[in-house]
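Asks: Build the 3D model from these lines:
(chains A and B)
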Amino acid sequence: MRIYRPRTAAFVWLLGLLALGFAGSRLLTADWLETGFLALLPATEQQPEIAQAVRQHNELINGKVICLTGAGSAPQAIAYAGQLKERFEQSGLFKDIRLQVDQQDFAKRYQQLFVYRYQLLDAQTRGMLLAQPETLIGRNLEMLYSPLGQLQAANLERDPLLLFSRYFNAQNPGRFTLEQGVVLVQDGGRFWALLIADMADNKLHLDNLDVLRELMNGAQGRIEAAGGELLATGMPLFTAEGSHSAQREIAIVSIGSTLGILLLLLTFRSARPLLLSCLGIAASTFAALVVSIMVFGKIHLLTLVFGASLIGVGIDYALHYFCSSFSSENWAPAKGLQYILLGITLDLGTSLVSYASLGVAPFPLLQEIAFFSVIGLIGAWATVVLLFPLLLTGFKPAHKPTMLRLTNYWQQHWRVWLLRNRAWLAPVAIAAVAGGLWQLTPRDDVRLLQSASTERLAADQKIRQLLPVRADSQFFLVSGKDPQDWHRNEQALLARLETLKQQGAMESYDGLSRYWPDPDTQRDNYHLLKRTFYEAGLLKRYMAELGFDEQAIAAEQQRFKAAENSRISLAEWLDSADEARKIHWLGCDAGRCISTVSLTDIKNLNALSQLNDLQGVRWVDQATQLSSLFERYRTSASALLIAAYGIVLIGLALKFGWRNALMIISVPVFATAVSLSMLGWFDQLFSLFNLFALLLVLGIGVDYGIFFFLAEDERSSTSLAVTLSAITTLLSFGLLAVSSTAIVHAFGFTVAAGILTALLLAPLVGKQTR
Amino acid sequence: MIYLKALVLFLLTVNVCMADELLDQIHARLTKATITRGAFEQTKQLKVLRKPLISNGTFIYHKSRGIAWKTLSPVPSLLLISDTRLWTEQGEQPVPAAFGKVFQAMLGADLSQLATAFDINGTVRKIAWQVSLVPKDEMMKKVISRMQLSGDHELRELEIFESNGNSSILHFQNIIHPERLTAGEEADFAHLSP
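Replies: Numbers count the residues shown, from 1 in each chain, chains lettered A, B, ... in the order given. The predicted model follows:
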């Protein structure tokens, strides 16, 4: 390092930062943060067209917010819904808010279909015609004679067989009532008015989610204060809560960091190390952020959280540098750098190896985190090596901080005590660790990621009780090379679903081909009617018995004849369909038509997933798929972690020899084992995300080992650096253990247990010189 | 279609207001009981048909469980209506409240609800009474122009005049107020329990 020139180095650093700043000023104004969980799915996992269809489906439902306002009377419930609608409109968050059904419009759209009544038969009517046409007459009479019959009879003149009312009723079953055009559900003595809104931004950006959360909380407060109730559910609300609690967790970390800052101030009695540490962290995080966005376009919120955590190792480089100033009387920045350079470079090497190994897995999140943390660490190292020597010019604390005496005392006596009691300590520790590992059970359920509050979950549950809400993440994709082919495939699926429904596998299912028969079926329907009623004289008999005159019967025969060749295309049918139906259609392109078949209240996932082998049918279960993905990636990330240990061990062995390398690496190995066994003892979540924490434990543990190994006669300043590092790490990431989000909690817990163990074991490394 | 849809989906407001004096007087005359059982004869006059549709059967009203409407002739069928549900052998349907509420109100002698949804006119004599209901709601008016009810200590006759010219007359006979439901009636109402 004789050719080292602090000014030149700092200039190089500054140039680099300016370049990043320039790039960042353009990149960071664009939309760069991804928050949806669906973005975590690997793009290559399935056929791209399936992935595309799933994405399309998700976009259709992603922005939906479903609200029910409840009150003791219907007008009150509607009034609350009206207020809510007003608030929604003012917020500008939504592109479509549906409260009142425009009945005129609704009826007009259905009117389009009336012309095709002979072609559009519902399944039940078709079944009766096929089996025994007379049953249809019986059912019609039943309808006409019932005290409610006047409703159906409204069209009796133009539709004597009541074909269209049957078709219409089959499409709109259920027990909802409309009042003032608002859909009402009654539950005991309570009335609920339904409001459905679509977010204008279905990518669910963070700012919008915050506004949405405030909006919902405000509305809920207002309605509850007036004595009403508000239930709301939908992907945006869950995501909003998730990102909100993530933000709160970041706030917890910042409280911890403040305490860490105070500790640094007390130790060095100078603001310089503190400011430099902050500068180092800020610069490396910034570099990681900008470069990652340059490479990936957009990065996920989880990348930011875990990536920034992994960069935390970087603060150790700075701490080692500062603490080395206590090691000798004639310390100077250049000399200090010389002293720590080997250690921190080795540590950078090992951390880079372990973090980069994450990126091997074809999982977008892992790749992003690996890349993010590698860039961040290089940034942290470069800042310490290039910038600090210049900025530390003239820095030389004259005092011996209390912390230094404490840590020195501690590292000496603790080591002695450990060694003296090793005869019983070792077996006890090994038994305890083994016991914990024995109890360790992985849990990969992706639903654990959702940090929804119990109130949100309860509201969701209640809404699903009151309304047939379709399962968002579990559905069938049906495809065909043209509308006919698609129709055939979906019909085959629906037939199987009907059987499963009878067996109670789910509450209901819905698909477009239930309502739109393809042209062949339309022709068949017409001919079925022709054969059974219009040509066989059954129509004449039925109409005559009912009391129609000859003229009316002839007119109906005439209408039927005229309709022989009319066919309704899918496009025309969709035009008259309402939102709940249209949402099933994903469109046709390049010789491929795709629709979804939705389900409500699924009870037997297994039976449904077995329908996957039907022609053109694909069962999509995003939650289970993602969970199994997490499981697979947990397994491969575990393998990668072990591989990382192997590589680090080989690297250390080449430098220090096998014996020493084993001694150094035993620190993170034991720390990891203790951390895992603690997860087992305390029945904590063990999933992919704990492995990030274990990587951090590897990085930091090796660091402690290397520094104590290289310390020789500078053990006291090294122990100060290691202790400060451990305390700051615990205060920041360890504090995440109090988080309510399961994965963040797991991360914090794992880090805390691992770092504490590493801190306690590190003094055993190296030789005691004094 | 508009009418059909509107009627199928319409639900009366249940805001409880002060009952009319007229309604009070009728209320005073009606028998108050938990259960009302009787026979009915219904004559439906549809414009497009040359002859009326005549049917008869029995009904049972239970204050908390709803109404079971059993047509015996010419086509046997069962219809069950509660506050929130409407069940027929052909499936569940939305509750057309114009029907449900009026029946509940009359058979249950709870007339206060009617005043909020209808303009009310009528005459009350010593025992007999007669009342005419005209829907207040515009949408409702498009379907039903007027309903006419008459009776004494029971509801005896209900006439419904639809806006399109169709009409129905219902006659109620043999009205009694038993203490409890028969096993068969219990079984019928069981269809309405979730």
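Asks: what about stretch A:404-420, average pLDDT?
Replies: Taken as a whole, stretch A:404-420 carries a mean pLDDT of 86.
Asks: Now do that stretch: everything it contacts.
Replies: The contact list for stretch A:404-420 (Cβ atoms under 8 Å, 6 or more residues apart in numbering or on different chains) reads A:267, A:326, A:425, A:715-717, A:719-720, A:722-723, A:760, A:763-764, A:768, A:770. (C-beta placed from N, C-alpha, C; glycine too.)
Asks: Repeat that for stretch A:288-295.
Replies: For stretch A:288-295, contacts defined as Cβ under 8 Å, 6+ apart pick out A:20, A:23-24, A:27-28, A:32, A:299, A:303-304, A:307-308, A:311, A:368, A:371-373, A:375-376, A:379.
Asks: In helices, which of these appear?
Replies: If you go by DSSP state H, the contacts of stretch A:288-295 have A:20, A:23-24, A:27, A:303-304, A:307-308, A:311, A:368, A:371-373, A:375-376, A:379 in helices.
Asks: among those residues, who's most crowded?
Replies: When neighbours are counted by other Cβ atoms under 10 Å in any protein chain shown, A:S373 leads the ones in helices among the contacts of stretch A:288-295 with 34 neighbours.
Asks: Now that one: closest residue in space that isn't a chain neighbour?
Replies: Nearest residue to A:S373, sequence neighbours excluded (Cβ to Cβ, 6 or more residues apart in numbering or on different chains): A:L310, at 3.7 Å.
Asks: tally of neighbours for the residue in the stretch 651-770 of chain A that chain B sits nearest to?
Replies: Nearest residue of the stretch 651-770 of chain A to chain B, counting by Cβ to the nearest Cβ: A:A742, 34.7 Å away. If you count neighbours by other Cβ under 10 Å, A:A742 ends up with 19.
Asks: Okay, it and A:Q411: tell me how far apart.
Replies: When distance is defined by Cβ to Cβ, to the nearest Å, A:A742 is 36 Å away from A:Q411.
Asks: Going along the chain from the worst-scoring helix or strand of chain B on mean pLDDT, find the next helix or strand for me.
Replies: Counting by mean pLDDT, DSSP states H and E, chain B has its least confident helix or strand at helix B:2-9, which shows a mean of 37. Counting by DSSP states H and E, the element after helix B:2-9 in chain order, helix or strand, is helix B:21-29.
Asks: Can you pull out the low-pLDDT segments for chain B?
Replies: Chain B contains residues with pLDDT under 70 at B:1-20, B:83-84, B:92-104, B:106-110, B:112-113, B:138-139, B:194.
Asks: All the strands of it, residue numbers only.
Replies: In chain B, the strands defined using DSSP state E lie at B:35-45, B:53-62, B:66-73, B:77-81, B:86-88, B:91-93, B:118-124, B:129-135, B:144-151, B:155-162, B:167-176.
Asks: Reformat these as CSV; add distance to chain A and mean neighbour count.
Replies: Output for those, formatted as CSV (distance: least, Cβ to the nearest Cβ, whole Å; neighbours: other Cβ atoms under 10 Å in any protein chain shown):
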stretch, distance to chain A, mean neighbour count
strand B:35-45, 7, 18
strand B:53-62, 4, 20
strand B:66-73, 6, 20
strand B:77-81, 4, 21
strand B:86-88, 7, 21
strand B:91-93, 6, 16
strand B:118-124, 16, 16
strand B:129-135, 14, 20
strand B:144-151, 9, 19
strand B:155-162, 6, 20
strand B:167-176, 7, 16
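Asks: Is it correct that A:A197 falls within a strand?
Replies: Yes. Under DSSP: H, G, I helix; E, B strand; the rest coil, A:A197 sits within a strand.
Asks: surely it meets A:R87?
Replies: No. Counting by Cβ atoms under 8 Å, A:A197 does not reach A:R87; the two are 10.4 Å apart.
Asks: where do the helices sit along the stretch 1-150 of chain A?
Replies: Along the stretch 1-150 of chain A, the stretches classed as helices by DSSP state H, counting those that start in this stretch are A:6-27, A:48-62, A:74-91, A:103-114, A:123-131, A:133-145, A:149-153.
Asks: B:G151 is nearest to which of the ones you listed?
Replies: Closest approach to B:G151 among the helices of the stretch 1-150 of chain A is made by helix A:149-153 (21.9 Å; Cβ to Cβ).
Asks: Show me what the mean pLDDT comes to for that closest one.
Replies: For helix A:149-153, mean pLDDT is 61.
Asks: One more: stretch A:615-623?
Replies: Taken as a whole, stretch A:615-623 has a mean pLDDT of 85.
Asks: How far does it stretch from one end to the other?
Replies: Taking Cα to Cα, to the nearest Å, stretch A:615-623 runs 24 Å from one end to the other.
Asks: Equivalent analysis for stretch A:507-526, please.
Replies: Length of stretch A:507-526, first residue to last, Cα to Cα: 31 Å.
Asks: what's the distance between that stretch and the middle of its chain?
Replies: 36 Å (Cα atoms, centre = their mean, to the nearest Å).
Asks: go on, stretch A:600-611?
Replies: With Cα atoms, centre = their mean as the basis, stretch A:600-611 stands 22 Å off its chain's centre.
Asks: So for that stretch, what gets flagged as buried?
Replies: Neighbour counts over stretch A:600-611 (16 or more other Cβ atoms under 10 Å in any protein chain shown) mark A:602, A:605, A:607-608, A:611 as buried.
Asks: In CSV: the helices of the stretch 1-150 of chain A, plus distance to chain B.
Replies: Converted to CSV, the helices of the stretch 1-150 of chain A look like this (distance: least, Cβ to the nearest Cβ, whole Å):
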stretch, distance to chain B
helix A:6-27, 53
helix A:48-62, 25
helix A:74-91, 6
helix A:103-114, 4
helix A:123-131, 8
helix A:133-145, 4
helix A:149-153, 5
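Asks: so of those helices, which one's packed in deepest?
Replies: Burial of those is given as mean neighbour count (mean count of other Cβ atoms under 10 Å in any protein chain shown); helix A:149-153 ranks first at a mean of 23.
Asks: List of residues touching the helix or strand following it?
Replies: Following helix A:149-153 in sequence order, the next helix or strand is helix A:163-171 (DSSP H and E). With contacts defined as Cβ under 8 Å, 6+ apart, helix A:163-171 is touched by A:110, A:113-114, A:117-118, A:120-125, A:143, A:151-152, A:155, A:159, A:515, A:529, B:4, B:91, B:93.
Asks: Check whether A:N62 really touches A:L237, as I assumed.
Replies: No. A:N62 lies out of contact with A:L237 (Cβ under 8 Å); the separation is 11.6 Å.
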